[in-house]
Each structure stands twice: as C-alpha cells, then as structure tokens.
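Q: Need the 3D shape of this:
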Amino acid sequence: MSGKSEDESDCTKLLNFLNKDDDDEDDSNSCCNDNSGIICDDDNYIISLSSEIINIDLEDFPYFSKIENLNLTNLSLEEIPYSIFEFTTLKILDLSKNNISEIPSEIQNLSELKFLNLASNHIEFLPIEMFNLKNLTILDLSDNNIKEIPPEIQNLSNLEELNLGYNRIKKLPEEVYNMPGLQTIHINNNEISPTENNDKKDCSKVNGNGRCENKNSSNLYIIIGSIILGGVIVILIIVLIVFKLVKRNKSKRVREITVVSYGEAFPNKNVKMDKKEKDSKLEKEFLFQNILND
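A: Sure, this is the predicted structure:
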C-alpha cells in the first residue's frame, strides 16, 4: 500500500496508482467525475470509487482517508487486498463476482460498514471477527460454498437483510430467529430441509425454498382448508338431493294427468265427432302419452 501522504491529493495518488501522468498540477483533481466512477466531496477527497477504472494489481492500492463507497466487483480477485482494511471510513464495500475464498479477520477493522457484498465468490467459512461489524445493515453472501452459519451472527445487532441463497447450508442457527432488527433472510437454493425450521417461533422473515412456517399457523391453515372443503361438499350434496326431489315430483304430477275421451266423459250420450274433432282428440292423446313415456 502506498504511504498515507498528506502532500498528495487523492486524485494524484489514484492517477499515479493507475500509471497515468498528471502533467497539470492545477488539474490534479480532475479525476473527480461521477461519469468516470469517481466521486469526490467538496474538498476533493475521493469518497466513492468504482471498479470500472481499476484493472490492475491492487496490492499497492493507495490510501483514501475519507472514502465511503468502494466497488471492486468482477476483478478476478483471489483475496481481499489488505490495503482495504485501512479504509476505516468505508460504509459500502462491494467485492462480488470475484474468486475470493477467504475472509481475513481484519474485516472487523471496517467498523463503519453498512453494506457488505461478497456474493458470487468461493467462500466456505465465515470468521467470527466478521460479526463485530455492528453497523452492518445488509450482508450478501449468496452464491458461495458456505456450509454453516456461526451463532455469533446474532452480534450483528443492526442487520436488516441477510442473503444466504445458493450455498450449501443445511441448517440455520437458532440465533438467527432472535435478531430483532432482521427483516429478511434469503435461503433459496440451499440444502435446508423444508421441515427443518417448522418449529421456530418467528419465521416471517425467511424467504426462499426451505421456507420455514410457524407450526401453529400451518395447522390453522389446514383446519380452515378442511372446513371450507367440507362445506363445499355438503352444499353439493344438498343441491343434488333437491334436484332429484324436484325431478321426482314433476314426474309424479305428469303421471297423474288423466286422458278422458269423449265417450268416457259422456257415457250415456251418443256423441258424434267429425273427422276434425277425432284428429284433435288423437293428437292430444298422443301428446300426453309421450309426456308419460318421458
């Protein structure tokens, strides 16, 4: 790491690190440009730096006394540069999409960190010192090879969101469910059994497959579902019974209709019918007979 010289401006140190000549001393702060991935404060101190401008070895990374945001994504880093652990003003550190396999204990030096992204690396173990970052609110450890979460994670008292997706975790420690500030835990694509966390008291914060559910709530849902299903079945049975009764009564009424011929209605009278009346009589008898047959 370069010396912490107060004689050089942050831009000068950065440009020297990047092997760029700064011919005009009056323009030594020209690197402060949001479009270039560099943001400076009113005193021209670098407070935000993006990996877009960094494509060289970070072993001699210069010291920036007021930097708050450092983005070193997708640089094929195999380890976290130790120079970074002297940036005690850092609040945001993004080291995602690298080849980092180990988190040094010196990570605890970054006591002001609020956001730490170590996603898409090759990390297997989490050092206990990492959980001394009391100001951390968002921690992304997704897409690594982590198998176990230490119970000391509960020391992250201000943590609000924890992403553990795409790892090899089989069980979450009890302490995770006792973190008062934690709002969301992502555990999708792990090796956690769907029933592993069913007896936990507070599972509302868990998100992902292997999602834990409050056991009592789960039983309540089953009971409510059973009651609704039973009610639907009873209604269907009642509708079927009513339908059959209506159909039976209708059939009975039709069969009670008596077809009376003129001769039967007036047995003592000699009633003569012309051809038209006979045809009408036969047509009515045929119609009623069809109704009975139906």
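Q: pLDDT weak spots in the stretch 51-200 of the chain?
A: Applying pLDDT under 70 to the stretch 51-200 of the chain picks out residues 51-57, 194-200.
Q: the helices in it, which residues?
A: Applying DSSP state H, counting those that start in this stretch to the stretch 51-200 of the chain gives no helices.
Q: where do the strands sit along it?
A: 69-71, 92-94, 115-117, 138-140, 161-163, 184-186 (DSSP state E, counting those that start in this stretch).
Q: can I get the ones you listed in a markdown table with mean neighbour count and distance to residue 177?
A: Where C-beta positions appear, they are placed from N, C-alpha and C, glycine not excepted. Putting those into a markdown table (neighbours: other C-beta atoms under 10 Å; distance: least, C-beta to C-beta, whole Å) gives the following:
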| stretch | mean neighbour count | distance to residue 177 |
| --- | --- | --- |
| strand 69-71 | 20 | 32 |
| strand 92-94 | 20 | 27 |
| strand 115-117 | 21 | 22 |
| strand 138-140 | 21 | 16 |
| strand 161-163 | 22 | 12 |
| strand 184-186 | 19 | 9 |
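Q: of the ones you listed, which approaches residue 16 most closely?
A: strand 69-71 (18.1 Å; C-beta to C-beta).
Q: Just checking: what are the partner strands of the closest one?
A: Applying DSSP bridges, strand 69-71 is found paired with strand 46-49 (parallel), strand 92-94 (parallel).
Q: Any chance you could list what contacts the longest one?
A: With contact meaning C-beta atoms under 8 Å, 6 or more residues apart in numbering, strand 46-49 is reached by 10-11, 14, 31-32, 37-41, 64, 66-71.
Q: could you give the mean pLDDT of it?
A: For strand 46-49, mean pLDDT rounds to 91.
Q: Can I get that strand as PDB, trimmed to CA atoms?
A: What follows is strand 46-49, C-alpha atoms only, in PDB (Å, rounded to 0.1, in the frame of the first residue of the first chain):
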ATOM      1  CA  ILE A  46     -12.400  10.700  -3.000                       C
ATOM      2  CA  ILE A  47     -15.500   9.300  -1.300                       C
ATOM      3  CA  SER A  48     -16.600   6.800  -3.900                       C
ATOM      4  CA  LEU A  49     -14.600   4.600  -6.300                       C
END
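Q: and the strands of the stretch 51-200 of the chain as a markdown table, adding distance to residue 239?
A: Below are these laid out as a markdown table (distance: least, C-beta to C-beta, whole Å):
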| stretch | distance to residue 239 |
| --- | --- |
| strand 69-71 | 65 |
| strand 92-94 | 62 |
| strand 115-117 | 59 |
| strand 138-140 | 55 |
| strand 161-163 | 51 |
| strand 184-186 | 46 |
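Q: Please identify the buried residues of stretch 165-179?
A: Going by neighbour count (16 or more other C-beta atoms under 10 Å), the buried part of stretch 165-179 is 165-167, 169, 172, 176-177, 179.
Q: Would you mind naming the residues that bridge with residue 38?
A: With DSSP bridges as the rule, residue 38 is bridged to residue 49.
Q: And residue 98, how close does it get to residue 172?
A: Counting by C-beta to C-beta, to the nearest Å, the gap from residue 98 to residue 172 is 26 Å.
Q: Can you lay out the strands paired with strand 69-71 as TSV showing distance to residue 124?
A: As requested, the strands paired with strand 69-71 are exported to TSV (distance: least, C-beta to C-beta, whole Å):
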stretch	distance to residue 124
strand 46-49	28
strand 92-94	20
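Q: quick one on the thing from earlier: identify, from the buried residues of stretch 165-179, the entry nearest to residue 132.
A: residue 179 (15.1 Å).
Q: was I right about that closest one contacting residue 154?
A: Yes - applying C-beta atoms under 8 Å, one finds residue 179 in contact with residue 154, separated by 5.6 Å.
Q: returning to that earlier point: filter the contacts of strand 46-49 to the buried ones?
A: Buried among the contacts of strand 46-49 (16+ other C-beta under 10 Å): 10-11, 14, 31-32, 38-40, 64, 67-71.
Q: Export those as TSV, with columns for distance to residue 84.
A: Putting the buried ones among the contacts of strand 46-49 into TSV (distance: C-beta to C-beta, whole Å) gives the following:
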residue	distance to residue 84
10	15
11	19
14	14
31	19
32	21
38	17
39	18
40	19
64	10
67	10
68	13
69	12
70	7
71	12
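Q: Just flag the most distant two among the residues you listed.
A: Among these, 11 and 71 lie farthest apart (C-beta to C-beta), at 17.7 Å.
Q: related to what we said a few turns ago, of the strands of the stretch 51-200 of the chain, which approaches residue 235 most closely?
A: Closest to residue 235 of these is strand 184-186 (C-beta to C-beta; 41.0 Å).
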